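Visitor: got a predicted structure here, sequence first:
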Amino acid sequence: MKKVAILGSTGSIGTQTLDVIRNNSDKLTVHSLVAYSNAETLNKQVAEFCPKYHALIAREGEQCLVEAVKGADVAVVATRGIVAIECILYCLDNGIDVALANKEALVCAGALIMPKVGRAKLYPVDSEHCAISQCIASRPNGKISKILLTASGGPFWNLRDEDLKHVTPQRALAHPNWSMGAKITVDSATMMNKALEVIEASWLFGVPVNDIQIVVHRQSVVHSMVQYADGGVIAQMALPNMRLPIQYALLGDEGKFDIGSIDFSHLTLTFEKCNFEKFPCSKFGYEMANYSSIAPTVMNAANDECVDAFLSDRLSFCDFYNIILSTVKSLCGELANEPLTVANIKKYDAEARAFVKKLIDGEKC
């Protein structure tokens, strides 16, 4: 039995991880459950799965994450933001595999995390990065020319530019293909999620960001592709369901959860270039290479605050890029010689959040 620690158990990925465990109870058992503040849902999960440890981050602090993974075989990291970075490093130092469903960890701390992957493995839970890993595994000796990172385009891909100024949080949360948490759904609408995923893919697969191409694929059936030096392309295809990458991270090909089959007789697949002008946040994955190693932390924190402001009707959908870029330019000029450490990530995450809050409040006034 593989003992699973679930960090972020009450969120979208956490609850779907529990679905996978229910369907593979002969192979997986819940070792621990940690949520941020949703005590009611956590208590229901504890009653069903009887973990050895459970906690709320809001009450006990991020140290509870490390306590939760002790004795586990694998930690599913589905927390929001940078709170789990130290826990991820602890896992990799202590032989605990990591199933990573948190983009921010590698975006902000990839240079700290990836050198520790070895005895303990890191498995991506993002549908795109899971797909890329499967493509690469199918041709392990192939020379990669380009990673083709697919994007759904979100709910506003076909909206006229002038109409983007008036979109509401409710419309942004209505994703056409995926059921996700509010933050990542808004990131999909702005296409900031692709910027984060470009950086994430670069760290995971050792590919420069300029060799990663965003391809808009509205049907969300092709989850990503890898193009090789000989011109061949390998794609991974499946119906859109996050339980598949979760199961693959935990059990490889041994899982029993069936997401259903693709009916190719009624399927049309389309691919388009990413519209960087209409969705400028998608450019950040490439633009961060022009700044210091702390810059992705500043970018990520600024985006977090923009998402919260947008969801509370304090920020227009079209203001994300300028706010985030202003924050990066204002704070990152002084960071050129700052080393990438967990302490500095926390420090500049906080500084960026404070800067954005003042900027948004100032613009509102």
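Guide: All right, it came through fine. Residues are numbered from 1 along each chain as shown.
Visitor: only C-alpha atoms for contact and neighbour calcs from this point on.
Guide: Will do.
Visitor: the stretch 1-150 of the chain: helices as residue ranges?
Guide: 12-23, 39-49, 57-60, 63-69, 85-93, 103-113, 127-138 (DSSP state H, counting those that start in this stretch).
Visitor: what sits against the closest residue to residue 59 other than its chain neighbours?
Guide: Spatial nearest neighbour of residue 59, chain neighbours left out: residue 37 (7.6 Å); criterion: CA to CA, 6 or more residues apart in numbering. Neighbour list for residue 37: 56-59 [criterion: CA atoms under 8 Å, 6 or more residues apart in numbering].
Visitor: swap the cut-off to 7 Å and go again
Guide: Applying CA atoms under 7 Å, 6 or more residues apart in numbering to residue 37 gives the contacts 56-58.
Visitor: whichever of these end up buried, select them in ChimeraX.
Guide: The following ChimeraX line selects those of the contacts of residue 37 that are buried, judged by 16 or more other CA atoms under 10 Å:
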select :56,57
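Visitor: next, the buried residues of the helix or strand of the chain with the lowest mean pLDDT.
Guide: Sorted by mean pLDDT, DSSP states H and E, the helices and strands of the chain end with helix 169-172, the least confident at a mean of 88. Residues 169, 172 are the ones in helix 169-172 that count as buried (16+ other CA under 10 Å).
Visitor: now the strands for this protein?
Guide: With DSSP state E, the ranges of strands along the chain come out as 2-7, 28-35, 53-56, 74-77, 97-100, 122-124, 144-151, 212-216, 222-228, 233-237, 272-273.
Visitor: could I get those strands in a markdown table, plus columns for distance to residue 14 and mean pLDDT?
Guide: Listed next are the strands of the chain as a markdown table, based on distance: least, CA to CA, whole Å; pLDDT from 0 to 100:
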| stretch | distance to residue 14 | mean pLDDT |
| --- | --- | --- |
| strand 2-7 | 6 | 98 |
| strand 28-35 | 9 | 98 |
| strand 53-56 | 13 | 98 |
| strand 74-77 | 8 | 98 |
| strand 97-100 | 11 | 98 |
| strand 122-124 | 14 | 98 |
| strand 144-151 | 23 | 97 |
| strand 212-216 | 27 | 98 |
| strand 222-228 | 21 | 98 |
| strand 233-237 | 23 | 97 |
| strand 272-273 | 32 | 97 |
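Visitor: most tightly packed of those strands?
Guide: Mean neighbour count (mean count of other CA atoms under 10 Å) peaks for strand 74-77 among those, with a mean of 28.
Visitor: and that strand, how far out from the chain middle?
Guide: Offset of strand 74-77 from its chain centre (CA atoms, centre = their mean, to the nearest Å): 14 Å.
Visitor: of all the strands of the chain, which lies closest to residue 64?
Guide: strand 53-56 (6.6 Å; CA to CA).
Visitor: ok, that closest one: who's next to it in the sheet?
Guide: Under the criterion DSSP bridges, strand 53-56 sits next to strand 28-35 (parallel) in its sheet.
Visitor: tell me the angle of the partner strand relative to helix 39-49?
Guide: 160 degrees (axes from the mean of the first three to the mean of the last three CA atoms, to 10 degrees).
Visitor: who's in contact with strand 28-35?
Guide: 1-10, 21, 42, 49, 51-57, 68, 72.
Visitor: ditto for stretch 194-205
Guide: With CA under 7 Å, 6+ apart, stretch 194-205 has contacts from 103, 106-107, 110, 129, 208-209, 212, 281-285.
Visitor: same thing with stretch 143-160?
Guide: Contacts of stretch 143-160 (CA under 7 Å, 6+ apart): 128, 172, 174-176, 188-189, 191, 211-220, 223-229.
Visitor: just the C-alphas of stretch 306-316, formatted as CSV.
Guide: Extracted as CSV, the C-alpha positions of stretch 306-316 are listed here (Å, rounded to 0.1, in the frame of the first residue of the first chain):
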residue,chain,number,x,y,z
CYS,A,306,-4.7,40.7,-9.3
VAL,A,307,-6.9,37.6,-9.3
ASP,A,308,-8.2,38.4,-5.8
ALA,A,309,-8.9,42.0,-6.8
PHE,A,310,-10.7,40.9,-10.0
LEU,A,311,-12.8,38.4,-8.2
SER,A,312,-13.9,41.1,-5.7
ASP,A,313,-14.6,43.6,-8.6
ARG,A,314,-11.7,45.9,-7.8
LEU,A,315,-9.8,45.3,-11.0
SER,A,316,-10.7,45.1,-14.7
